[in-house]
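# what follows is a predicted structure for the sequence shown.
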Amino acid sequence: MAIATDNDSNEQAGLYPIRHVCAETGINDVTLRAWERRYGLIRPMRTPKGHRLYSEEDIRRVRRIMELLDQGIPVSQVHRVLQRDEDAAAQESAAPEADDAPASPAPGRRPAISGPGIAPHTADPIADALYHAVDPLDVEQLDRAYARLVMRHGWDGVHERAFLEVYRQLREESRHSPEGEVRLAVFSAWATAALADQLRNALRACEGPVAPCLVLGGGHQQVGGMLLQVSCARRGLATLSLFDATSAAALESLVGTLGARGIVLHGSSRLLRSPDLNQVEGILAAPGAPVYLAGSAALELSKLDRQRPVEVLPGAPLEAADRLWQYLGRG
């Protein structure tokens, strides 16, 4: 492996640190390292202290890899495609040049896009890619598309806005057509199963207190609550999922058993018209541990009569998880 010197002239010499590559391409640094270690797709230079340095050619290669993944090529097969690209480029350079031949991209390549690779007409390319992955109504294909997005943008990058944006769009479409209902049903069934698997895995790494988490509402209404719990677990805060409203006395008994500092309650706006609302009113009206409200019903629930402390969490699940970690997970 080539070694570069540690000095300020690296960038002038066309060598860039990993943070520059991430900013230029939009890729996650963990994914970039995995492409190097596991698949040998990138081979950056190293400084004497072991820091990675990437050339302009490396950055072009990263963009090409991202293109191939977007086209559905498994990461394990990308190396073969890159090799074919290089072989084709070598043959072209060896062939005589035609005087008036127009410049065109190599076969299989799209024209290079300046900037971080986001098309100017696309507000959120992550959401757009995930949304269109629902079209075939194929859960396995949706799972592969989701995995590629997480590999490219990182877990937080996919779930910060795009995941729930797709869910909200599908939910709106379901109100207007049978086809929309089917798309929402497929997406929500896949999402709840995928998030449940992630939650089980993430909880194994959690240490410390466990907080009861009431996720009220059946079917697709559970998606937001599951995402909130996975976000908490990834930050080290374990939750105990409860999908049925229960009495205030039972919850206080559970809080004592777990040594929890509070209760998380996630509900959609439909909760306000649900029979579960009576039990939620009873929970809030009884004295006891603080309740942290999440979901689209949170603000309205906070206006109910109550004797216990109540906190309305931010609407974005990742922000809500950060807040819950501050309240329930530290110390």
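That came through, no problem.
# can you name every helix or strand that the helix or strand of the chain with the lowest mean pLDDT contacts?
Least confident element among the helices and strands of the chain, by mean pLDDT, DSSP states H and E: helix 75-94 (a mean of 76). The helices and strands touching helix 75-94, judged by 3 or more C-beta pairs under 8 Å, 6 or more residues apart in numbering; DSSP states H and E, are helix 56-70. Where C-beta positions appear, they are placed from N, C-alpha and C, glycine not excepted.
# helix 75-94 and the helix it packs on, what's the angle between them?
Between helix 56-70 and helix 75-94, the angle comes out at 130 degrees (axes from the mean of the first three to the mean of the last three C-alpha atoms, to 10 degrees).
# checking my notes, Leu53 in a strand, right?
Yes - using DSSP: H, G, I helix; E, B strand; the rest coil, the secondary structure at Leu53 is a strand.
# go ahead and confirm it touches Arg46.
Yes - in this structure Leu53 lies within contact range of Arg46 using C-beta atoms under 8 Å: 7.0 Å.
# pull out the buried positions in the least confident helix or strand of the chain.
Buried residues in helix 75-94, defined by neighbour count with 16 or more other C-beta atoms under 10 Å: 75, 78, 81, 85.
# coming back round to it: which one of Leu53 and Arg46 has more residues nearby?
For Leu53 versus Arg46, the count of surrounding residues by other C-beta atoms under 10 Å is larger for Leu53: 24 against 14.
# in the sheet, which residues pair with the more buried one? Tell me.
Applying DSSP bridges to Leu53 gives these bridge partners: Met45.
# shaky segments in this structure?
Applying pLDDT under 70 to the predicted model, the residue ranges of the chain that meet it are 1-13, 90-123, 330-331.
# mind naming the longest helix for it?
If each helix of the chain is counted by residues according to DSSP state H, the longest one is helix 178-203.
# Gln198 against Ser231, yeah?
No - applying C-beta under 8 Å, one finds Gln198 not in contact with Ser231, separated by 10.0 Å.
# compare these two (neighbour count), which wins?
Neighbours around Gln198 and Ser231, counted as other C-beta under 10 Å, are more numerous at Ser231. The numbers are 27 against 18.
# show me where the stretch 101-250 of the chain has its helices.
All helices of the stretch 101-250 of the chain, identified by DSSP state H, counting those that start in this stretch, fall at 125-133, 139-153, 155-159, 162-174, 178-203, 223-234, 248-258.
# indicate which one of these is closest to Asp305.
Shortest distance between Asp305 and the helices of the stretch 101-250 of the chain, using C-beta to C-beta, is found for helix 248-258: 13.0 Å.
# contacts for the closest one, please.
Helix 248-258 is contacted from outside by 209-212, 240, 260, 262-263, 282-283, 285-286, 288-289, using C-beta atoms under 8 Å, 6 or more residues apart in numbering.
# from those residues, which single one is nearest Asp322?
Scanning those for proximity to Asp322, where the rule is C-beta to C-beta, the winner is Ala211, at 14.3 Å.
# follow-up on the earlier one: same list (the buried residues of helix 75-94) but as TSV, adding distance to Ile18.
Shown next, in TSV, are these (distance: C-beta to C-beta, whole Å):
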residue	distance to Ile18
Val75	19
Val78	19
Val81	24
Asp85	23
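# pick the one among those residues closest to Leu304.
Val75 (49.5 Å).
# ok, now which ones touch that closest one?
Contacts for Val75 (C-beta under 8 Å, 6+ apart) come out as 35, 39, 41, 69, 151.
# one more: Ser174?
Residues in contact with Ser174 (C-beta under 8 Å, 6+ apart) are 180-181, 183-185.
# thought Arg270 was touching Gln221?
Yes - with the criterion set as C-beta under 8 Å, Arg270 and Gln221 qualify as a contacting pair; they are 6.2 Å apart.
# so the two - more neighbours on which side?
Neighbours were tallied for Arg270 and for Gln221 using other C-beta under 10 Å; the higher tally belongs to Gln221 (23 against 17).
# so that one touches Ser269, yeah?
No - contact status for Gln221 versus Ser269: not in contact, 9.3 Å apart, counting by C-beta under 8 Å.
# who touches both of those two?
Taking C-beta under 8 Å, 6+ apart as the contact rule, Gln221 and Ser269 have no neighbour in common.
# partner strands of the strand of greatest length in the chain and their direction?
Here the longest strand in the chain is taken by residue count, with DSSP state E as the criterion, and it is strand 210-216. The strands that strand 210-216 pairs with in its sheet are strand 238-242 (parallel), strand 263-267 (parallel) (by DSSP bridges).
# give me the distance from that strand to the chain's centre.
21 Å (C-alpha atoms, centre = their mean, to the nearest Å).
# contact partners of it?
For strand 210-216, using C-beta under 8 Å, 6+ apart, the contacting residues are 222, 225-226, 228-229, 232, 237-246, 251, 254-255, 258-268, 271, 274, 276, 280, 324, 328.
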